[in-house]
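Colleague: fold the following, please.
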Amino acid sequence: MMSVVGAQALIKPMQTSPSVSPGIQRRHTLPASEVRPLNTQDAISVFEIEREAFISVSGECPLHLDEVRH
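Modeller: Numbers count the residues shown, from 1 in each chain. Model (predicted):
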C-alpha cells in the first residue's frame, strides 16, 4: 500500500528547475510538418513496443497483434 506521503508526491504538479528556461524545455510532440501516416510495418513496430511496455507494467496485455490487424 502506498503511504500518504508517497501519494502526495504523485499528486504534486511537476516543478521545473529555475535554471531551465521555458524555451529550452524538451518538446514531446512533432510539428505538423513532420507528421506522416504510419505504414503497416511502422504500425506493427509501435504496437509491439507499446504491448511490451504494457506487459512490463501490468504483467499481461489482453491484445495480440492478430486481434487488432485489419
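
Colleague: other SSEs contacting the longest helix seen in the chain?
Modeller: Across the chain, the longest stretch assigned as helix under DSSP state H is helix 40-58. Helices and strands touching helix 40-58, by 3 or more CB pairs under 8 Å, 6 or more residues apart in numbering; DSSP states H and E, are helix 65-68. For the C-beta atoms, the positions are set from N, CA and C on the backbone; glycine is no exception.

Colleague: buried residues, the helix it packs on. List them.
Modeller: Judged by neighbour count using 16 or more other CB atoms under 10 Å, helix 65-68 contains no buried positions.

Colleague: and it, average pLDDT?
Modeller: Averaged across helix 65-68, pLDDT comes to 83.

Colleague: where does the protein dip in pLDDT?
Modeller: For the chain, residues meeting the criterion pLDDT under 70 lie at 1-27, 70.

Colleague: buried residues, the longest helix of the chain. List them.
Modeller: Within helix 40-58, the residues that qualify as buried are 47, 51, counting by 16+ other CB under 10 Å.

Colleague: and the contacts of it?
Modeller: 38, 61, 63, 65, 68 (CB atoms under 8 Å, 6 or more residues apart in numbering).

Colleague: now with 10 Å, please.
Modeller: 36-39, 60-65, 68-69 (CB atoms under 10 Å, 6 or more residues apart in numbering).

Colleague: in CSV, list these along with distance to Phe47.
Modeller: Below are those laid out as CSV (distance: CB to CB, whole Å):
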residue, distance to Phe47
Arg36, 17
Pro37, 15
Leu38, 10
Asn39, 13
Glu60, 16
Cys61, 10
Pro62, 13
Leu63, 8
His64, 10
Leu65, 6
Val68, 7
Arg69, 9
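
Colleague: neighbour-wise, give me the winner out of the residues you listed.
Modeller: Counting neighbours by other CB atoms under 10 Å, the top entry in the contacts of helix 40-58 is Cys61, with 14 neighbours.
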